[in-house]
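In: Need a 3D model of the following:
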Amino acid sequence: MHAPNFRLDGKVALVTGSSKGLGKAMAFALGSAGAKVAFNYANSHEHAERTLAEYHAAGFEGGLFRASVIDEAEVNRLHDEIAQTLGPVDIVVVNATPAQPQRTIEEYDWDFYQSMFDYFVRSPYLLTRAVLPHMKRQKWGRIINITSEVFEQGVAPFSAYVAAKGAQIGWSRSMANELANFNITVNMLAPGWIPVERHDNDPEHLKNSYRGRIPMNRWGIPADMGGACVFLASDAASFITGTEIHVNGGMTVG
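Out: Down below sits the predicted model:
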């Protein structure tokens, strides 16, 4: 028996929305495991440059790529630029997300619903379609969708986000079956409320309420997602597909 192989040397990983927050933590974790990481961002170039400088200072390989991951032409350009710079993409982590305001059904409109489906169904579809030729040729690939505990919990008033995450989960499960014969796994990481920059202005009473219900009696940290991401990307998880791993300290137990 050999020890599980968690190394990713020689692999190229794309992490969307990775200039900060959970995406940044997962990108750094993949880099620390030996992957060459393509950092993707859509807006703040200066912030993304600082993230990449920090990453390179740690001694990891990778590059920075600006693109909207809900636009077909930009996704195809992103794929081509990464392939030319770092090599063909072996691992995709679909993490980019828009703002997620909680509103009642009367306050939402369909355009907002559509924006959620663009990020959580259209984006993984476009990204997967772009990288599949290479993955199928080499008979190896990893697609990791970042979902959420909100689907299992039916969180309200949050119907647009919850519905889109449910669709993303269904899509991932179907793709796992479709691609299994090519040795391409499709899995999901479902974080709980892990405070990062985007949560700085969240109401304290909501934070305290959530924190008080975490069975492990601590906040999650971004590194918790990083470790789980490396596991799913590695050969240690080669026989795992169609699975959703909840990174939330037990919030969805029972």
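In: So for stretch 153-165, what gets flagged as buried?
Out: 158-162, 164-165 (16 or more other C-beta atoms under 10 Å). Using the backbone N, CA and C atoms, a C-beta is placed for each residue, glycine as well.
In: I'd like the distance from the strand ranked longest in the chain to the chain centre, please.
Out: Ranked by number of residues, the top strand in the chain under DSSP state E is strand 184-191. Centroid separation between strand 184-191 and its chain, computed with C-alpha atoms, centre = their mean, to the nearest Å, is 8 Å.
In: So what are the sheet partners of that strand and their directions?
Out: strand 141-146 (parallel), strand 244-247 (parallel) (DSSP bridges).
In: most packed of those strands?
Out: The highest mean neighbour count among the strands paired with strand 184-191, using mean count of other C-beta atoms under 10 Å, belongs to strand 141-146: a mean of 26.
In: Residues contacting that one, please?
Out: With C-beta atoms under 8 Å, 6 or more residues apart in numbering as the test, strand 141-146 has contacts from 22, 90-95, 97, 124, 128, 131-132, 134-135, 168-169, 171-172, 175, 179, 182-191, 229, 232-233.
In: Try it again at 7 Å.
Out: 90-95, 124, 128, 131, 135, 168, 172, 175, 184-189, 191, 229, 232-233 (C-beta atoms under 7 Å, 6 or more residues apart in numbering).
In: pLDDT below threshold where in the stretch 101-250 of the chain?
Out: Scanning the stretch 101-250 of the chain with the threshold set as pLDDT under 70 gives 198-200.
In: which residue ranges form the helices in it?
Out: Taking DSSP state H, counting those that start in this stretch, the helices of the stretch 101-250 of the chain run over residues 110-117, 123-138, 150-153, 159-179, 204-211, 222-233.
In: I'd like the distance from the second one to the chain centre, please.
Out: For helix 123-138, the separation from the chain centroid amounts to 15 Å (computed by C-alpha atoms, centre = their mean).
In: Would you mind writing the CA trace of that helix as PDB?
Out: C-alpha atoms of helix 123-138 as PDB (Å, rounded to 0.1, in the frame of the first residue of the first chain):
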ATOM      1  CA  SER A 123     -20.200  29.700 -16.100                       C
ATOM      2  CA  PRO A 124     -19.500  26.100 -15.200                       C
ATOM      3  CA  TYR A 125     -21.000  25.000 -18.600                       C
ATOM      4  CA  LEU A 126     -18.800  27.400 -20.600                       C
ATOM      5  CA  LEU A 127     -15.600  26.600 -18.600                       C
ATOM      6  CA  THR A 128     -16.100  22.900 -18.800                       C
ATOM      7  CA  ARG A 129     -16.900  22.900 -22.500                       C
ATOM      8  CA  ALA A 130     -13.600  24.900 -23.100                       C
ATOM      9  CA  VAL A 131     -11.400  22.500 -21.200                       C
ATOM     10  CA  LEU A 132     -12.900  19.200 -22.100                       C
ATOM     11  CA  PRO A 133     -11.000  18.500 -25.300                       C
ATOM     12  CA  HIS A 134      -7.700  18.400 -23.400                       C
ATOM     13  CA  MET A 135      -9.100  16.500 -20.500                       C
ATOM     14  CA  LYS A 136     -10.700  13.900 -22.700                       C
ATOM     15  CA  ARG A 137      -7.500  13.500 -24.700                       C
ATOM     16  CA  GLN A 138      -5.400  12.800 -21.700                       C
END
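In: Report how many residues lie close to residue 178.
Out: By the criterion of other C-beta atoms under 10 Å, residue 178 has 12 neighbours.
In: And it, how close does it get to residue 49?
Out: To residue 49, residue 178 is 38 Å away according to C-beta to C-beta, to the nearest Å.
In: Neighbours of residue 32, how many?
Out: Look at residue 32: counted by other C-beta under 10 Å, it has 16 neighbours.
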